[in-house]
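Sharing a sequence plus its predicted fold:
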Amino acid sequence: MKLSLTRTMLGLMTFVAVITYFWPARQVYFHSDAMKELSDGTLADDQNWKTYLGRNDYSSRAWEAVDAAKLHWERKSYRSAIDEWWQVAANYRDTEAALAALDNVARGSVELGDRKTAVRAWELLIMLPDVTHIDGGFNLMNYRHDACVKLSEYYESKGHFAMAERFVSQAIYQDPIRDTCGVYASSVIMELENRLTNLRVIQGK
(Lines give C-alpha, C1' and ligand atoms only; values in the text may rest on other atoms or scores of the structure.)
Protein backbone atom coordinates (compact mmCIF):
# COMPACT_ATOMS: atom_id res chain seq x y z
CA MET A 1 0.00 0.00 0.00
CA LYS A 2 2.76 2.40 0.97
CA LEU A 3 4.73 1.51 -2.17
CA SER A 4 1.65 2.10 -4.36
CA LEU A 5 1.02 5.47 -2.70
CA THR A 6 4.67 6.46 -3.16
CA ARG A 7 4.54 5.58 -6.86
CA THR A 8 1.33 7.58 -7.26
CA MET A 9 2.89 10.63 -5.58
CA LEU A 10 6.04 10.34 -7.72
CA GLY A 11 3.87 10.10 -10.82
CA LEU A 12 1.95 13.24 -9.88
CA MET A 13 5.14 15.15 -9.09
CA THR A 14 6.62 14.12 -12.46
CA PHE A 15 3.45 15.21 -14.26
CA VAL A 16 3.47 18.62 -12.55
CA ALA A 17 7.17 19.09 -13.31
CA VAL A 18 6.67 18.29 -17.02
CA ILE A 19 3.65 20.58 -17.32
CA THR A 20 5.51 23.40 -15.54
CA TYR A 21 8.55 23.01 -17.77
CA PHE A 22 6.65 23.06 -21.06
CA TRP A 23 4.02 25.63 -20.05
CA PRO A 24 4.29 28.73 -22.28
CA ALA A 25 6.17 31.69 -20.85
CA ARG A 26 4.45 34.69 -19.29
CA GLN A 27 1.26 32.99 -18.14
CA VAL A 28 -0.39 36.06 -16.62
CA TYR A 29 -4.12 36.53 -16.18
CA PHE A 30 -5.20 39.64 -18.04
CA HIS A 31 -8.59 41.29 -18.09
CA SER A 32 -10.41 41.08 -21.40
CA ASP A 33 -13.90 41.65 -22.72
CA ALA A 34 -16.36 39.71 -20.55
CA MET A 35 -18.90 39.88 -23.36
CA LYS A 36 -16.60 37.91 -25.66
CA GLU A 37 -15.75 35.43 -22.94
CA LEU A 38 -19.39 34.70 -22.04
CA SER A 39 -21.20 34.95 -25.36
CA ASP A 40 -21.32 31.98 -27.75
CA GLY A 41 -20.47 34.35 -30.59
CA THR A 42 -23.86 34.82 -32.24
CA LEU A 43 -24.96 38.32 -33.11
CA ALA A 44 -28.13 38.04 -31.01
CA ASP A 45 -26.15 37.00 -27.94
CA ASP A 46 -23.56 39.71 -28.54
CA GLN A 47 -26.34 42.30 -28.67
CA ASN A 48 -27.90 40.92 -25.50
CA TRP A 49 -24.59 41.11 -23.67
CA LYS A 50 -24.00 44.66 -24.89
CA THR A 51 -27.37 45.67 -23.47
CA TYR A 52 -26.75 43.78 -20.20
CA LEU A 53 -23.30 45.27 -19.76
CA GLY A 54 -24.46 48.78 -20.63
CA ARG A 55 -22.23 48.78 -23.69
CA ASN A 56 -22.27 51.20 -26.59
CA ASP A 57 -20.05 51.46 -29.67
CA TYR A 58 -17.58 53.66 -27.79
CA SER A 59 -17.01 51.28 -24.88
CA SER A 60 -17.05 48.26 -27.19
CA ARG A 61 -14.20 49.79 -29.19
CA ALA A 62 -12.30 50.27 -25.95
CA TRP A 63 -12.66 46.59 -25.07
CA GLU A 64 -11.63 45.58 -28.58
CA ALA A 65 -8.43 47.57 -28.10
CA VAL A 66 -7.81 45.83 -24.75
CA ASP A 67 -8.17 42.44 -26.44
CA ALA A 68 -5.98 43.44 -29.40
CA ALA A 69 -3.18 44.33 -26.97
CA LYS A 70 -3.65 41.00 -25.21
CA LEU A 71 -2.93 39.25 -28.52
CA HIS A 72 0.41 41.06 -28.68
CA TRP A 73 1.27 39.69 -25.25
CA GLU A 74 0.34 36.16 -26.27
CA ARG A 75 2.69 36.52 -29.25
CA LYS A 76 5.42 37.60 -26.81
CA SER A 77 5.43 41.21 -28.03
CA TYR A 78 5.28 42.29 -24.41
CA ARG A 79 6.24 45.94 -24.78
CA SER A 80 3.81 46.42 -27.67
CA ALA A 81 1.01 45.03 -25.51
CA ILE A 82 1.85 47.35 -22.64
CA ASP A 83 2.11 50.38 -24.96
CA GLU A 84 -1.33 49.63 -26.42
CA TRP A 85 -2.90 49.21 -22.98
CA TRP A 86 -1.50 52.63 -22.06
CA GLN A 87 -3.20 53.99 -25.19
CA VAL A 88 -6.54 52.47 -24.19
CA ALA A 89 -6.29 54.18 -20.81
CA ALA A 90 -5.52 57.51 -22.48
CA ASN A 91 -8.19 57.30 -25.20
CA TYR A 92 -11.05 55.72 -23.23
CA ARG A 93 -10.42 56.95 -19.71
CA ASP A 94 -14.12 57.09 -18.78
CA THR A 95 -14.77 53.39 -19.46
CA GLU A 96 -14.20 50.23 -17.48
CA ALA A 97 -11.86 49.12 -20.25
CA ALA A 98 -9.45 51.86 -19.20
CA LEU A 99 -9.34 50.44 -15.68
CA ALA A 100 -8.78 46.95 -17.06
CA ALA A 101 -6.06 48.21 -19.40
CA LEU A 102 -4.14 49.89 -16.58
CA ASP A 103 -4.49 46.80 -14.42
CA ASN A 104 -3.08 44.79 -17.33
CA VAL A 105 -0.17 47.24 -17.63
CA ALA A 106 0.59 46.70 -13.96
CA ARG A 107 0.31 42.90 -14.14
CA GLY A 108 2.46 42.72 -17.25
CA SER A 109 5.07 45.09 -15.86
CA VAL A 110 5.38 43.06 -12.66
CA GLU A 111 5.88 39.95 -14.78
CA LEU A 112 8.64 41.76 -16.72
CA GLY A 113 10.31 42.94 -13.51
CA ASP A 114 9.39 46.59 -14.11
CA ARG A 115 7.94 47.47 -10.71
CA LYS A 116 8.11 51.25 -11.25
CA THR A 117 5.83 51.09 -14.29
CA ALA A 118 3.43 48.86 -12.38
CA VAL A 119 3.25 51.39 -9.55
CA ARG A 120 2.67 54.23 -12.03
CA ALA A 121 -0.19 52.26 -13.62
CA TRP A 122 -1.82 51.50 -10.25
CA GLU A 123 -1.53 55.13 -9.15
CA LEU A 124 -3.12 56.35 -12.37
CA LEU A 125 -5.84 53.70 -12.13
CA ILE A 126 -7.10 54.93 -8.77
CA MET A 127 -7.31 58.48 -10.18
CA LEU A 128 -9.76 57.40 -12.88
CA PRO A 129 -13.52 57.38 -12.22
CA ASP A 130 -14.88 54.12 -10.88
CA VAL A 131 -17.27 53.26 -13.70
CA THR A 132 -17.30 49.50 -13.07
CA HIS A 133 -20.90 49.55 -11.86
CA ILE A 134 -21.97 51.46 -14.99
CA ASP A 135 -19.84 49.84 -17.67
CA GLY A 136 -19.60 46.39 -16.14
CA GLY A 137 -23.11 45.29 -15.25
CA PHE A 138 -22.98 41.94 -13.46
CA ASN A 139 -19.22 42.01 -13.28
CA LEU A 140 -17.96 42.75 -9.76
CA MET A 141 -14.42 43.75 -10.61
CA ASN A 142 -12.26 45.41 -7.99
CA TYR A 143 -9.74 47.33 -10.05
CA ARG A 144 -9.39 50.28 -7.67
CA HIS A 145 -9.48 48.17 -4.52
CA ASP A 146 -6.83 45.79 -5.84
CA ALA A 147 -4.63 48.67 -6.96
CA CYS A 148 -4.80 50.24 -3.50
CA VAL A 149 -3.81 46.94 -1.87
CA LYS A 150 -0.88 46.50 -4.27
CA LEU A 151 0.30 50.07 -3.70
CA SER A 152 0.10 49.60 0.04
CA GLU A 153 2.18 46.44 -0.16
CA TYR A 154 4.72 48.15 -2.40
CA TYR A 155 5.20 51.18 -0.16
CA GLU A 156 5.36 49.03 2.96
CA SER A 157 8.12 46.95 1.35
CA LYS A 158 10.02 50.20 0.72
CA GLY A 159 9.61 51.36 4.32
CA HIS A 160 7.25 54.21 3.35
CA PHE A 161 4.73 53.38 6.06
CA ALA A 162 2.67 56.58 5.80
CA MET A 163 2.00 55.92 2.12
CA ALA A 164 1.26 52.27 2.86
CA GLU A 165 -1.23 53.37 5.52
CA ARG A 166 -2.88 55.80 3.12
CA PHE A 167 -3.51 53.16 0.46
CA VAL A 168 -4.62 50.37 2.77
CA SER A 169 -7.05 52.84 4.35
CA GLN A 170 -8.39 53.68 0.90
CA ALA A 171 -8.80 49.97 0.15
CA ILE A 172 -10.95 49.66 3.27
CA TYR A 173 -13.04 52.82 3.23
CA GLN A 174 -13.06 54.54 -0.16
CA ASP A 175 -12.68 51.51 -2.44
CA PRO A 176 -13.80 48.46 -0.44
CA ILE A 177 -13.87 45.05 -2.05
CA ARG A 178 -17.07 44.07 -3.86
CA ASP A 179 -17.93 40.41 -3.86
CA THR A 180 -21.07 38.31 -4.05
CA CYS A 181 -19.86 36.40 -0.97
CA GLY A 182 -20.26 38.65 2.06
CA VAL A 183 -18.21 36.33 4.26
CA TYR A 184 -15.23 36.52 1.90
CA ALA A 185 -15.50 40.30 1.57
CA SER A 186 -15.65 40.66 5.37
CA SER A 187 -12.56 38.48 5.80
CA VAL A 188 -10.63 40.60 3.30
CA ILE A 189 -11.61 43.81 5.09
CA MET A 190 -10.69 42.29 8.47
CA GLU A 191 -7.25 41.36 7.18
CA LEU A 192 -6.73 44.88 5.81
CA GLU A 193 -7.87 46.41 9.10
CA ASN A 194 -5.22 44.34 10.89
CA ARG A 195 -2.60 45.60 8.44
CA LEU A 196 -3.78 49.16 9.01
CA THR A 197 -3.44 48.74 12.78
CA ASN A 198 0.06 47.31 12.41
CA LEU A 199 1.15 50.14 10.13
CA ARG A 200 -0.08 52.71 12.65
CA VAL A 201 1.75 50.91 15.47
CA ILE A 202 4.97 50.95 13.43
CA GLN A 203 4.60 54.74 13.08
CA GLY A 204 3.93 55.16 16.79
CA LYS A 205 0.34 56.27 16.32
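Sure, I can see it. Numbers count the residues shown, from 1 in each chain.

all helices for the protein, in order.
Taking DSSP state H as the test, the helices found in the chain are 2-22, 34-38, 43-52, 57-74, 78-91, 96-111, 115-125, 132-135, 143-157, 161-172, 182-202.

now those helices in a markdown table, with mean pLDDT and mean neighbour count?
All C-beta spots, glycine's among them, are computed from the backbone N, C-alpha and C. Conversion of the helices of the chain to a markdown table gives the following (pLDDT from 0 to 100; neighbours: other Cβ atoms under 10 Å):
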| stretch | mean pLDDT | mean neighbour count |
| --- | --- | --- |
| helix 2-22 | 47 | 9 |
| helix 34-38 | 50 | 15 |
| helix 43-52 | 52 | 13 |
| helix 57-74 | 90 | 18 |
| helix 78-91 | 96 | 19 |
| helix 96-111 | 94 | 26 |
| helix 115-125 | 97 | 19 |
| helix 132-135 | 54 | 18 |
| helix 143-157 | 96 | 21 |
| helix 161-172 | 97 | 20 |
| helix 182-202 | 95 | 14 |
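
Ser80: what's it in contact with?
69, 72 (Cβ atoms under 8 Å, 6 or more residues apart in numbering).

Show me how this protein divides into domains.
41-141, 142-205 (automatic domain parsing).

could those domains be laid out in CSV, adding distance to Phe30?
CSV is the format used below for the domains of the chain (distance: least, Cβ to Cβ, whole Å):
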stretch, distance to Phe30
domain 41-141, 5
domain 142-205, 13
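
Could you measure from the residue nearest to Ala68 when sequence neighbours are not counted over to Leu71?
Distance criterion Cβ to Cβ, 6 or more residues apart in numbering; nearest residue to Ala68, sequence neighbours excluded, is Glu84 at 6.6 Å. Distance of Glu84 to Leu71, computed by Cβ to Cβ, to the nearest Å: 10 Å.

Nice, that's everything, thank you.
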